[in-house]
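mind folding the following:
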Amino acid sequence: MIALLPGVPAWAQVQGQIIKVLSYNIHHGENTNGQQDIAGIANVILATNPDLVALQEVDSCTNRVQKKDLLKELAAQTGMYIYFGKSMSHDGGSYGNGILSRYPIEHMYTIPLPAKGEGEPRCAAVVKVKLPGDSLLQFASTHLDHLENPAGRMAQADKLLKHFSKDSLPLILAGDLNAEPSSPEISALTSIFIDASEKLGPTWPADTPTQKLDYVLLRPSSQWNVVNALVLQETVASDHRPVICELLLK
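Got it, this is the predicted structure:
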């Protein structure tokens, strides 16, 4: 069962735009029973009713998902706008990060991230969405290197820092960063971002999580308040637990 966040306090409702964000590594739609179950991921999204969703480990038309486009299937089940950022070609199709948005997408692009050693190609999928009132917000979904050696993650974090550090639009960067909060990679990112998920516990593995790998990061700090943040007690749909944050954009 998924626990929903408490109601937003009245003071938050009148001071800015409340945005609910979900970050979820969906393990190419394979649940912890080894079954393809994209409906299980859709149920998490529908139950939590987010405005923006950052997805990692998304397959597009690969053989292992029977040539299905997972992001389009989720769009059909949730009624949200989508963008797929390709990290690499894989198994007859593509593999990367996805975004679902309740807000219209005005612009979309992919940032290739550098690989080191035996690391896989990685990317950040980025969209600019139009909020009620016509203001713009940037939202990015990323998945950093998984190797024990942090060199790849550091190079990828540096690329993200250089790309976003001079951008004036408010930004949410969410995803599986494959690093613990005390790591140099997270310290580098939080030099310009605030961690909306800072007080949350472990997110992986889903059944009995021991490591915090999934994050929601914000900038600039002057434009954001964190209203609520939660690791959902979902143990079957993927090998990661989803993270959801309610944010106030001032």
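
any idea which helix or strand comes after the longest helix anywhere in the chain?
Secondary structure of the chain per DSSP state H: the longest helix is helix 151-164. Remark: after helix 151-164, the chain's next helix or strand is strand 171-176, criterion DSSP states H and E.

what pairs with that following strand, parallel or antiparallel?
Neighbouring strands of strand 171-176 in its sheet, by DSSP bridges, are strand 136-143 (parallel), strand 214-219 (antiparallel).

so which residues of the protein form helices?
Counting by DSSP H, the helices of the chain are 10-13, 38-48, 70-78, 151-164, 184-189.

ok, now which ones touch the residue most central in space within the chain?
With distances taken as CA atoms, centre = their mean, the residue of the chain nearest its centroid is Ala54 (2.9 Å). Listed by CB atoms under 8 Å, 6 or more residues apart in numbering, the contact set of Ala54 reads 21-24, 97-99, 139-142, 174-175, 216. From N, CA and C alone the C-beta is placed, and that goes for glycine too.

could you rerun that using 7 Å?
Ala54 sits next to Ser23, Ile99, Ser141, Ala174, Gly175 when contact means CB atoms under 7 Å, 6 or more residues apart in numbering.

distance to Ser197, neighbour count and pLDDT for those residues - can I get that in CSV?
Listed next are the contacts of Ala54 as CSV, based on distance: CB to CB, whole Å; neighbours: other CB atoms under 10 Å; pLDDT from 0 to 100:
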residue, distance to Ser197, neighbour count, pLDDT
Ser23, 8, 30, 98
Ile99, 18, 26, 98
Ser141, 14, 30, 98
Ala174, 9, 29, 98
Gly175, 11, 26, 98
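
ok, so of these, who is nearest Arg241?
The nearest member of the contacts of Ala54 to Arg241, counting by CB to CB, is Ser23 at 10.2 Å.

quick check: the closest one touching Ile172?
No: using CB atoms under 7 Å, Ser23 is not in contact with Ile172; the gap is 9.3 Å.

any residues in contact with both of these two?
Common neighbours of Ser23 and Ile172 (CB under 7 Å, 6+ apart) are Val216.

neighbours around Tyr83, how many?
21 (other CB atoms under 10 Å).

got it, and Asp37?
Neighbourhood size, Asp37 [other CB under 10 Å]: 18.

what score does it have for pLDDT?
Predicted confidence (pLDDT) for Asp37: 96.

what residues does the nearest residue to it once chain neighbours are set aside make contact with?
In space, and not counting its chain neighbours, Asp37 is closest to Asn31: 4.5 Å by CB to CB, 6 or more residues apart in numbering. By CB under 7 Å, 6+ apart, the contact list for Asn31 reads Asp37, Gly40, Val236, Ala237, Ser238.

pLDDT at Asn31, what is it?
At Asn31, the model reports a pLDDT of 96.

do Gln15 as well
So Gln15 comes in at 69 (pLDDT).

swap in the one 3 residues further on?
The score at Ile18 is 97. That number is its pLDDT.

would you format the strands paired with strand 171-176 as a markdown table with distance to Arg122 included?
Conversion of the strands paired with strand 171-176 to a markdown table gives the following (distance: least, CB to CB, whole Å):
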| stretch | distance to Arg122 |
| --- | --- |
| strand 136-143 | 6 |
| strand 214-219 | 15 |
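
out of those, which comes closest to Glu185?
strand 214-219 (10.5 Å).

ok and that closest one relative to helix 151-164, angle-wise?
Computed by axes from the mean of the first three to the mean of the last three CA atoms, to 10 degrees, the angle separating strand 214-219 from helix 151-164 equals 30 degrees.

low-confidence ranges, the protein, go.
1-15 (pLDDT under 70).

can you do 90?
Low-confidence segments of the chain, defined by pLDDT under 90: 1-16, 116-119, 133, 166-168.

where exactly do the strands run in it?
17-25, 52-60, 81-90, 93-101, 105-113, 122-130, 136-143, 171-176, 194-195, 214-219, 224-231, 243-249 (DSSP state E).
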